[in-house]
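Chemist: Predicted coordinates and the sequence they were generated for:
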Amino acid sequence: HGQSEYNVLGKIGGDSSLSPAGIEYARRLGEFAKNVISKTHPATTATQRHESNERDIPCRLWTSTLLRTIETAQFIPHNIIHPEWDNGDKTEWIQFRPMAKRNLDEIYAGTCDGMTYEEIRSSVPQVFYARQKDKLTYRYPRGESYNDVTLRLEPIAHELERTRAPATLVIGHQCVLRIVYAYFMGLPRGEAPYVNVPLNTVIQLTPHAYGCEERRTCLMDKKE
């Protein structure tokens, strides 16, 4: 998702709105979704490019139930297309119809929700250092661990694997996207908490026979 008001303050969790920079990223994501994600993959020959004419492909849009992901999706267009599926069926399809899924919500920090990491370190150092030591299995007091989030994301991963639509745009949170990325890239579970998921970047994963092809597109520099 785009930068939130809590991101600016260095706070974790919560349900804050986007910052002005986050809203600008949302605008750019809307253009990227329309002009890149919803188009067919680039053809390899001039003839194929002419025949494809960059027609729209059916796309889905998933967010969490938290405000910052929903606001990040606000500029994505929902035009109607009429795709033909592999079995010959032709249907009416609403592009990027938003679907908020609670399973995609950010890791819940429990009693530490709304605090900065420095506040956690100074007020409850045992929590800060225990999580530093074992980020995968440590559970925030009255909250969740990475392992807990992994379990609730299993149905999401399976649904992504069997979805009929050629493309699904997931607007999520760092912890969630790390876990989803690790799953599809075949990384050990212990590496998930340390996957690099930078702000303002779209990570495209395209499955193939031996894993996924990855492409990263930065839509907005941190200095903007």
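Modeler: In hand now; what should we look at? Residues are numbered from 1 along each chain as shown.
Chemist: burial count for residue 116?
Modeler: Neighbour count for residue 116, taken as other CB atoms under 10 Å: 14. Quick note: C-beta positions are derived from backbone N, CA and C, even for glycine.
Chemist: Sorry, wrong one. I was asking about residue 196.
Modeler: 10.
Chemist: partners of residue 84 in the sheet?
Modeler: When bridges are called by DSSP bridges, residue 84 pairs up with residue 90.
Chemist: right, and it touches residue 90 too?
Modeler: Yes. With contact defined as CB atoms under 8 Å, residue 84 reaches residue 90; the gap is 5.0 Å.
Chemist: Show residues contacting the host helix or strand of residue 158.
Modeler: If you go by DSSP states H and E, residue 158 is part of helix 146-162. With contact meaning CB atoms under 8 Å, 6 or more residues apart in numbering, helix 146-162 is reached by 62, 101, 103-104, 107, 135-137, 139, 168, 170, 175-176, 179-180, 183-184, 189, 192-193.
Chemist: With stretch 20-29 instead?
Modeler: By CB under 8 Å, 6+ apart, stretch 20-29 touches 1-4, 7, 18, 68, 71-76, 171, 199-200, 202, 219-220, 224.
Chemist: Sort out for me which of those are in strands.
Modeler: Assigned to strands by DSSP state E, the following of the contacts of stretch 20-29 qualify: 171, 202.
Chemist: what's the burial count for the nearest residue to residue 68 once chain neighbours are set aside?
Modeler: Once flanking residues are discounted, residue 68 sits nearest to residue 4: 4.2 Å by CB to CB, 6 or more residues apart in numbering. For residue 4, the neighbour count with other CB under 10 Å is 25.
Chemist: For residue 4, which residues are in contact?
Modeler: 16-19, 22, 68.
Chemist: Just the strands from this structure, written as ranges.
Modeler: 59-63, 80-81, 93-94, 97-100, 167-171, 201-208, 211-218.
Chemist: packing partners for the third one?
Modeler: Read it as strand 93-94. Under the contact criterion of 3 or more CB pairs under 8 Å, 6 or more residues apart in numbering; DSSP states H and E, strand 93-94 touches strand 80-81.
Chemist: Thank you, goodbye.
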